[in-house]
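# predicted model follows, preceded by the sequence.
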Amino acid sequence: MTDVLSKLLSLPKTSQGFTAHRSSVVEQTADHHERFPHKTPRLDHDSDSGSAYRSRDLKGKAVERNGPIRIQVQILTPKAPTKASPNPYALLRRCTQFLLTRGSQTELLPATFECIYTTCCSQVRVPGQGEMLYEMLVMEIDQCNFRLLRELEDSRDSGNLTDWLGQLVQVCEWFENKVALLQSLLAYLDRAFISKDTKRQNIRDLAFTSFKRKILNDAHMVDCVRASVLEWLDTERSKRTALPNRMMIRNLVSHLLLHDMYDIIFERFILEQTLSSYTNEAKDMVNLSAEQFLTHVTERTREERERAEAVCGGIGETVKEIVQTCRRGLLESKLDWLAKGALGPLMNAQGTDQLRSIYAEFEALDSLSILCRELKSYIQTSVGDIVKDAEHEDDMVERILTFKTYADHALQHSFVSSSAPNSSFSYALTDAFTTGFKARRNKPAELIARHLDKLMRRGQRNTSDAEWESMLEKVLALYRFTDDKDVFRTFYTRALAKRLLLEKSASDDFEKGALRILKERYDPEFGQGDHMFNDLALSREILREFHNRIPETSSAQKLSVMVLQRSVWPFAARKKDVDLHPSMHTDLMNYATFYKAKHQGHKLEWDHALGTATIKARFAAGNKDLTVSLYQAVVLLLFNDETEIGYKAILEATRMDEPELKRTLQSLACANKKVLKKRPVGRDVNEDDMFYFNADFTDPRAKVHINSIQAKDTPEESKRTQSHIDSDRKHYLDAAIVRIMKAKKELNYEALKAATIEAVKNHFSPEVTVIKQRIHGLVDQDYLKRDERDMNNFIYVA
């Protein structure tokens with residue numbers, strides 16, 4: 001209503017709205033009591049036809065046609081009330097009292113709204129009356145608030161909390177409406193009197209300040225409001241459903257916001273009660289598992305969010321703070337227990353969504369460090385258990401890969417902040433895998449190399465190129481978790497050499513791709529594999545040239561020889577080797593003669609351990625081509641001359657090492673494909689055993705492959721390899737210690753030990769006792785000497 005009156009009664013003092021309009025001049029009479037202007041009659045000399053287009057000013061002078069027109073607006077002052085009229089001050093007071101009385105009907109107001117406004121305007125213009133009206137208004141508003149306070153106190157003593165709170169909301173709404181009406185009716189008082197003194201409050205602020213001071217700041221009223229809100233809140237939380245009076249609470253919040261009491265009366269109290277309520281609830285929930293408790297927390301926070309949005313939605317950070325307080329009350333005392341109890345089962349069950357929920361809960365409480373610590377502990381323990389499980393070490397790498405795959409998945413989809421994996425969790429995962437691998441020294445690195453060997457032999461099969469490359473990279477990535485990198489490198493290089501020499505690799509391209517990844521991402525020393533491929537390529541060229549120089553009918557046309565550099569290939573020189581069949585020996589000597597003629601000064605040492613042969617065998621069921629190792633071929637060719645041969649006779653004829661001979665005879669006479677038989681029957685080979693040709697051997701295939709013992713790493717060979725690695729480590733440590741001392745000249749034991757560990761950490765993690773032994777060994781060899789003044793101090797001997 002204020003806006004309407006303002007528009008009706010406020011006019012601009014100047015305007016260009018009538019600039020284009022032309023009319024006869026308007027003359028104001030000299031009598032100031034005259035209310036309306038009138039037109040000036042035309043004079044005789046203006047009665048011509050042109051006078052219609054001319055005007056005169058107030059003094060009767062003609063105004064030019066194209067000149068400016070001035071319009072003067074006079075403010076009309078309403079007539080002062082006559083003496084017979086009622087006292088205007090008393091009228092305004094009666095109307096104000098009437099409006100500020102609850103239950104009064106507007107139609108019974110002593111005066112109309114227009115009359116109240118007009119009377120207010122006339123009174124404010126009278127000197128001193130504006131001050132009286134303002135003081136009257138202050139008094140009437142205070143009295144109104146006193147009456148409202150008594151009304152609320154009386155109803156509180158006789159009614160329940162819910163009904164009383166509803167009455168308070170009605171009182172607030174009624175008072176705000178009446179204040180708005182008064183502000184409109186007494187708008188002239190606000191503009192013409194109150195606004196001129198900055199110390200005075202306008203009508204709205206005056207009324208609301210009084211209401212706040214008399215009612216909302218009253219301690220008893222505040223307690224009643226809070227008790228009513230708490231009763232509603234406890235009921236909704238216990239029944240876990242929305243009550244019909246939720247809208248009443250929303251209206252209460254709106255009124256408290258209007259009077260700047262929301263934070264004091266409602267928000268702080270709600271947050272305190274929420275924290276207390278859920279803290280007690282968490283203490284009582286002792287029978288739930290961690291997963292069940294986490295589910296309960298998720299449900300409770302969802303309920304609190306819905307309730308807060310319905311009551312306090314859109315009000316600052318209240319909703320967020322209520323949910324946060326609920327979460328803190330439930331979780332703050334149980335964070336460690338929850339992380340330990342829930343994380344492991346959820347990881348085992350691969351519960352990605354639940355893990356995301358628990359991450360969100362811990363993130364909201366700024367307690368991700370607890371969850372990260374527990375994740376690291378869980379992964380470290382899980383990896384350590386897999387690594388230490390010697391009974392199932394054959395599938396150890398598969399199990400670690402499966403576990404690692406899901407851990408990476410959880411890192412990408414569960415432990416995520418701002419759409420990116422949490423870096424702390426990424427580092428924790430890497431550290432946990434590295435520590436878990438330390439649970440068993442050397443073995444994880446060896447088994448990773450063996451698993452990679454299986455993959456390279458098996459090849460891509462039905463997988464796509466992308467899937468194969470992904471699988472290969474996952475296996476190679478395990479390399480960075482082991483400290484025993486020299487163990488992996490040794491076993492991998494040996495397996496690679498066997499695959500290449502026995503032609504068991506599925507693809508040279510895959511082999512080169514794996515070598516490239518290992519060399520570029522992890523260790524440049526894997527470049528040794530490139531030299532292997534170079535040796536093989538050169539050997540094929542030399543062999544092709546040899547075949548071109550011998551007759552096509554020569555048996556050497558079927559000969560395949562690989563000339564390898566001893567420094568590149570991971571095989572030790574043999575002190576003695578098997579005696580070949582004369583025909584084989586002749587072909588080899590012919591090749592040796594050709595090679596030495598081409599490469600003078602080169603020395604050839606024959607190693608038949610990885611040789612293979614294809615021989616024809618005549619069985620009762622038909623002829624078969626047998627693919628065997630060179631050792632197996634040497635033994636089988638003996639049965640061309642004898643039908644039955646004893647173990648000792650075979651040993652004397654081949655001059656093979658006994659362990660090697662026993663394994664070879666086992667593969668021929670005791671395995672699934674028995675091309676030989678032995679007496680007595682059994683799986684072990686003894687010195688008294690007799691062997692004879694199995695003419696009744698059958699197989700559906702024309703080409704039969706007899707498993708090559710030398711193609712597999714036996715436990716004995718693994719031990720020899722490990723012994724070789726330990727020996728190399730000693731030399732590596734010796735070289736590192738000497739390099740360090742040569743540079744530093746003098747160091748104490750602790751500094752030398754730390755520098756040595758740092759120098760070799762990219763190859764292996766040395767044991768402290770071994771470092772101490774190598775230092776003592778170098779002292780004995782006069783590379784170092786002890787300081788006579790301090791025995792823990794070592795000096796380099798030039």
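Structure received.
# residue 241 looks like it's in a helix, true?
No - looking at residue 241 with DSSP: H, G, I helix; E, B strand; the rest coil, it is coil, so not inside a helix.
# count the neighbours of it for me.
9 (other C-beta atoms under 10 Å). C-beta coordinates here come from the backbone N, C-alpha and C atoms, glycine included.
# list of residues touching stretch 253-261?
For stretch 253-261, contacts defined as C-beta atoms under 8 Å, 6 or more residues apart in numbering pick out 169, 172-173, 176, 208, 211-212, 216-217, 262, 265-266, 311-312, 315.
# what about the chain, any weak spots by pLDDT?
1-86, 158-159, 419, 708-716, 798 (pLDDT under 70).
# could you pull up the residues touching the most centrally placed residue in the chain?
When C-alpha atoms, centre = their mean is applied to the chain, the residue found nearest the centroid is residue 416 (1.8 Å). Contact analysis of residue 416 by C-beta under 8 Å, 6+ apart lists 356, 359, 422.
# residue 364 now?
When contacts are counted by C-beta under 8 Å, 6+ apart, residue 364 touches 323-324, 327.
# 10 Å instead, please
For residue 364, the contacting residues are 301, 320, 323-324, 327-328, 331, by C-beta atoms under 10 Å, 6 or more residues apart in numbering.
# then residue 212?
Per C-beta under 10 Å, 6+ apart, neighbours of residue 212: 145, 218, 256, 258-261.
# in ChimeraX, select just the buried ones from these.
Typed into ChimeraX, the next command selects the buried ones out of those (criterion: 16 or more other C-beta atoms under 10 Å):
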select :145,218,256,259,261
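# just to revisit the earlier point, just the buried ones from the contacts of residue 364?
301, 323-324, 327-328, 331.
# from those, which is closest to residue 670?
residue 331 (64.4 Å; C-beta to C-beta).
# that closest one contacts residue 363, doesn't it?
No - contact criterion C-beta atoms under 10 Å: residue 331 and residue 363 do not qualify, at 11.5 Å.
# most surrounded residue in the contacts of stretch 253-261?
residue 211 leads the contacts of stretch 253-261 on contacts (other C-beta under 10 Å) with 26 neighbours.
# residues touching the residue lying closest to residue 321 once chain neighbours are set aside, list them.
Leaving aside its chain neighbours, residue 321 sits nearest to residue 271 (6.2 Å; criterion: C-beta to C-beta, 6 or more residues apart in numbering). By C-beta under 10 Å, 6+ apart, residue 271 lies in contact with 318, 321-322, 324-326.
# over to residue 669?
635, 675-679, 681-683, 685, 689, 691-692, 694.
# buried subset of those residues?
635, 675-678, 685, 689, 691, 694.
# what about residue 691, which SS state?
strand.
# is it true that it touches residue 644?
Yes - at 7.0 Å, residue 691 counts as touching residue 644 under the criterion of C-beta under 10 Å.
# overlap of the contact sets of the two?
The contact sets of residue 691 and residue 644 overlap at 677-679 (C-beta under 10 Å, 6+ apart).
# with respect to residue 520, which of these is nearest?
Closest to residue 520 out of these is residue 678 (51.7 Å), distances taken as C-beta to C-beta.
# and that closest one, that's in a helix?
No - per three-state DSSP, residue 678 lies outside any helix segment and is strand.
# these two touch, right, it and residue 665?
Yes - counting by C-beta under 10 Å, residue 665 is a contact partner of residue 678 at 7.4 Å.
# give me the common contacts of these two.
Common neighbours of residue 678 and residue 665 (criterion: C-beta under 10 Å, 6+ apart): 647, 685, 689, 691.
# now name the helix or strand holding the second one.
Spelled out, that is residue 685. Using DSSP states H and E, residue 685 sits within no helix or strand.
# surely it touches residue 662?
Yes - applying C-beta under 10 Å, one finds residue 685 in contact with residue 662, separated by 4.4 Å.
# any common contacting residues for those two?
Shared contacts of residue 685 and residue 662, counting by C-beta under 10 Å, 6+ apart, come down to residue 647.
# returning to what we had before: residue 591: which of the buried ones among the contacts of residue 364 is nearest?
Closest to residue 591, out of all of these and judged by C-beta to C-beta, is residue 331, at 77.7 Å.
# ok, which stretches of the stretch 401-550 of the chain are helices?
Listed in chain order, the helices of the stretch 401-550 of the chain (DSSP state H, counting those that start in this stretch) span 423-437, 443-458, 465-477, 485-502, 508-517, 528-549.
# tell me the angle of the fourth one relative to helix 528-549?
Taking axes from the mean of the first three to the mean of the last three C-alpha atoms, to 10 degrees, one finds helix 485-502 and helix 528-549 inclined to each other by 20 degrees.
# before we move on, back to that, buried set for the helix or strand containing the residue nearest to residue 321?
Counting by DSSP H and E, the element that carries residue 271 is helix 268-284. Of all the residues in helix 268-284, those buried under the rule 16+ other C-beta under 10 Å are 269-271, 273-275, 277-278, 282.
# from the structure, what's the count of residues near residue 651?
16.
# now the nearest residue to residue 739 once chain neighbours are set aside: how far from residue 780?
Sequence neighbours aside, residue 759 is the residue nearest to residue 739 in space, at 7.2 Å (criterion: C-beta to C-beta, 6+ apart). The gap separating residue 759 from residue 780 is 21 Å, by C-beta to C-beta, to the nearest Å.
# which of the two has more neighbours?
When neighbours are counted by other C-beta under 10 Å, residue 759 comes out ahead of the other of residue 759 and residue 780, with 17 against 9.
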